[in-house]
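Peer 1: Give me the fold of what follows.
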Amino acid sequence: MTAIATILALVPLAAGLNEGSIIAAELGTVVIGGLLSSTFLTLVVVPAAYWLVAGLRERMAGAVARA
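Peer 2: You can find the predicted model right below:
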């Protein structure tokens, strides 16, 4: 929720509607991209990797128990 609020707050900055706000617009765009990518990594990639590793660990434990 914090990342979404920050992204929405930076949208006007990234739009660069004011004169002379080219640098600020680029900064807003970079921060929005960083927040989106870190949120995606935190909510999707890390849990998926954990799920895959946990499954692999269970399979290896089963193979060792059978051997």
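Peer 1: Give me the outermost residue of this structure relative to its centroid.
Peer 2: Centroid-distance maximum for the chain: residue 67 at 40.9 Å, with C-alpha atoms, centre = their mean.
Peer 1: What distance do you get for that one to residue 60?
Peer 2: To residue 60, residue 67 is 11 Å away according to C-beta to C-beta, to the nearest Å. From N, CA and C alone the C-beta is placed, and that goes for glycine too.
Peer 1: repeat for residue 18
Peer 2: With C-beta to C-beta as the criterion, residue 18 and residue 60 are 58 Å apart.
Peer 1: Quick one: the helices in this structure, in order.
Peer 2: With DSSP state H as the criterion, the chain has helices at 2-15, 22-40, 46-66.
Peer 1: Report the buried residues of the second one.
Peer 2: With burial defined by 16 or more other C-beta atoms under 10 Å, the residues of helix 22-40 counted as buried are 25, 28, 29, 32, 35.
Peer 1: Throw these into a markdown table and include distance to residue 11 and pLDDT, thanks.
Peer 2: Formatted as a markdown table, the buried residues of helix 22-40 follow (distance: C-beta to C-beta, whole Å; pLDDT from 0 to 100):
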| residue | distance to residue 11 | pLDDT |
| --- | --- | --- |
| 25 | 11 | 90 |
| 28 | 8 | 92 |
| 29 | 10 | 93 |
| 32 | 7 | 96 |
| 35 | 12 | 97 |
